[in-house]
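[1] all I have is the shape, not the residue letters:
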């Protein structure tokens, strides 16, 4: 029973003898679960090479995926544009999921509507929902633009967004010139990064006006990609600002998911729609995520005849490449402020390297996240032994990763797993353990099972607060990565040396 | 605010929100909004609101889908079965481990609740169908997870649209493997909310599990005091802090549906002598079926807050009479000092504070009593996916003029809160940060905001402590900067 002087929640309450008895009786009398011996036996077996081989032989079931579906990425894009409402053509259940998923990560509201298609729409198509839905959305939330994506339901029945939006204009629920961008984002193709690319490409190409292919403005476009670190977006912009270069960031959600307390406003910040219209006239476009922006970048290079550059500003080398690209585009020397930032980062890397050097890592995540992180780990002398991507592009990722590893002493022992999931990762970690695991919150079950410490970097991070506010891009972002990883190494070292009169001779005050 | 003024403000609030909508939408939404009054006998249901109808398109509804109702609510918590999210990758990923259905087990070995199994549909599956791979998926799962007690197939939207026959696959694989393979056609587009998913899931329990009662039921040495907890999803351990009270009064809880439920508990469910139904909305169907098929009576109970818990314990006791009825009083007596202590500690800090609720299932009415035990006043409540019978039941729970909003959307709820100015908003994660930004204390009442349990006497102490923390935290006083004063 609770003690009113110290009321405890379930964490401690269920450890009390009266509850232990209740739970043990339930198990003994009613559950009919396998014996402890049997469970232990199977648990041991799941750690074996034999199990790993069976696990890797499966082809029809994904277990604990490390990817999500297309419209999630489309919603992120929409929220990066000024006063733009993400609108998902399909059932509202999907939108409830997208909103709660982002909200659990950012601890911020995530506006998004659907047109609530139900069984009759599945039979007759969702035209009526779209016509009314666009009108209702415009009247109630008064966005400056609506960005429509689709769920798998709408894709399976073959709804035609172009025709449907035109119909809404014809019927007058939205004015003829009201900005609506739309992209087909089938969940059964690619992943959330595919949806990101599809929606961004749609917003750009459907809004661009007055393309001047010959006479470009002295301005660049920045395309962040599916970037969940808001600090990264800010730092990417700050680096451009350090050059005094005029830029447009296309899809800038850094203010949207980080509004101050005081009052609630549905939309905040974002790329100005005026800028989107003119972005084809920038002289170059820089993407920070190769595989999240392929279609978008193709539009800039082929359609708008711009110079397109892809860099991955996670880690030192990638940031250097970004900085040099800006230097070249602006014709300016690298500013002193950035030289100092770089110097500080390198100084910190030289201070901390003994703790990361030679440590082995397993890492999973989106393709571009992996490229940046692997680059950084290699720069530190760390060994990314297992690299897993559940949503790889059709080609290119393995080559990109191998190129980063080509000078690493462990290049031949690095294993790259494409299209594999986190249940594969579990087998990998049991059979070929590493010192640390890097990934999102889903890694916590892997940490619990394998006892390999998880360093939470990635998306989503539901169970730690405020990580998304930091940067993992640029020199300052690399310093954050360095700090998190090094201190986790030190936490582990302390943990392993804290036993009194046994290991604590190594429990150093100074590290 | 006096009762008449409160009612006036509430009516005004409705009129004001309706002004923004286009005519067709305004007409629709007007029917879902009302002011409930405890002593208004002309009202058939609370506020006379319409419910369980289609959501208007283009508005930020908080509703989920049938898949969420089946996989997320009813089937997902059954711990030793594997639940396949059949279709594209998203649904299973977004719903993975978010509902805090606590369970005891070795995850990945004999239990699987927090994991995500999906057939991860690709374009070829849409074109050629997913039945063949589904059958293979069952085999692969049985090989990798030999201790699973069965597999359920939770359909995502495409399944029902591409003409797959998952029932046939389930039937065939069940025969081959001698395990329960359950096919649930809970595609997200079915119905208007998660509610139809509950119903479909209940029907699947009836169709797939009840035929096994004879064959696979175990000998539990039946007694006349065997009961089943129905419709408790063990959020933060709710069913455990309920179960302890029932056992202390001499009952045997032979099955817990479906939080921390084992396959065996589902099969053995119909051996109960009385079904105790907590979440009426999501499991009334199967309770009615068990009454009809097995003659098991069911009663609804409410374990939120001491007043309702005591009332419920007495009613359950009365059903059995004799020793059990006496024991109910003993249990009430045993916890009395603790509960009185909790109220003495927190009521002075919470008395008169106004609350607006927006949740689903049973909570929009069931938690009113718990707030009132702490001297707090619920001035607005509504359901995401209720039916008319829920609003009828709500009428009995309110004690003052109460704004009633069915399938309220983000825009309306924000407007209502601004107008009614509650001291606490209690709703879900999608709503949480909207109101916290306004400087309003908020508690998530789906997940207990990562605390809980809230059921039973022990749970009430946690509830009181959490509500006090939310309302009286110093953080809300920092919003205005000193230079703004």
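    Here it is on my side, so go on. Given the structure is predicted, the values throughout are model-derived calculations rather than measurements.
[2] use CA for all of it now, contacts and neighbours both
    Will do.
[3] quick one: the residue nearest to residue A:413 when sequence neighbours are not counted from residue A:393, how far?
    The shortest distance from residue A:413 to any non-neighbouring residue, by CA to CA, 6 or more residues apart in numbering or on different chains, is to residue A:385 (6.8 Å). Distance of residue A:385 to residue A:393, computed by CA to CA, to the nearest Å: 21 Å.
[4] ok, those two, which is more surrounded?
    Using other CA atoms under 10 Å in any protein chain shown, the more surrounded residue of residue A:385 and residue A:393 is residue A:385, with 23 against 19.
[5] can you pull the contacts of the more buried one?
    Shown in contact with residue A:385 (CA atoms under 8 Å, 6 or more residues apart in numbering or on different chains): A:360-362, A:410, A:413-415, A:434.
[6] which stretch of helix or strand covers it?
    strand A:383-389 (DSSP states H and E).
[7] from the chain's centroid, how far away is that strand?
    The chain centroid and the centroid of strand A:383-389 are separated by 17 Å under CA atoms, centre = their mean, to the nearest Å.
[8] after it comes which helix or strand?
    Per DSSP H and E, the first helix or strand lying C-terminal to strand A:383-389 is helix A:397-405.
[9] switch the contacts of residue A:385 over to a markdown table; also include pLDDT and secondary structure.
    Shown next, in a markdown table, are the contacts of residue A:385 (pLDDT from 0 to 100; DSSP: H, G, I helix; E, B strand; the rest coil):
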| residue | pLDDT | secondary structure |
| --- | --- | --- |
| A:360 | 98 | strand |
| A:361 | 98 | strand |
| A:362 | 98 | strand |
| A:410 | 89 | coil |
| A:413 | 92 | helix |
| A:414 | 97 | coil |
| A:415 | 98 | strand |
| A:434 | 98 | coil |
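[10] can you select the buried ones from these in PyMOL?
    The PyMOL command for the buried members of the contacts of residue A:385 (criterion: 16 or more other CA atoms under 10 Å in any protein chain shown) is given here:
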select buried, chain A and resi 360+361+362+410+414+434
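[11] and residue B:179, how far from residue B:172?
    As judged by CA to CA, residue B:179 and residue B:172 stand 11 Å apart.
[12] longest helix of chain B?
    Determined from DSSP state H, the single longest helix within chain B is helix B:322-350.
[13] give the other helices and strands that it contacts.
    If you count contacts as 3 or more CA pairs under 8 Å, 6 or more residues apart in numbering or on different chains; DSSP states H and E, helix B:322-350 packs onto helix B:238-248, helix B:306-320, helix B:456-472.
[14] now the helices for the stretch 351-485 of chain B?
    Here the stretch 351-485 of chain B has its helices, by DSSP state H, counting those that start in this stretch, at B:363-366, B:368-373, B:388-395, B:410-420, B:429-437, B:456-472.
[15] nearest to residue B:221, of the ones you listed?
    helix B:456-472 (27.2 Å; CA to CA).
[16] for the closest one, buried residues please.
    B:456-468, B:470-471.
[17] and if you look at stretch A:205-218?
    By neighbour count on 16+ other CA under 10 Å, the buried set for stretch A:205-218 is A:205-208, A:211, A:216.
[18] who's in contact with the helix or strand containing residue A:128?
    Assessed by DSSP H and E, residue A:128 sits inside helix A:127-141. Here helix A:127-141 makes contact (CA under 8 Å, 6+ apart) with A:89, A:113-117, A:121, A:143, A:146, A:159, A:164-165, A:167-168, A:171, A:173-174, B:20-22, B:25, B:56-59, B:411.
[19] same thing but 7 Å
    Identification of contacts with helix A:127-141 by CA atoms under 7 Å, 6 or more residues apart in numbering or on different chains yields A:115, A:117, A:164, A:167-168, A:173-174, B:20-22, B:57-59.
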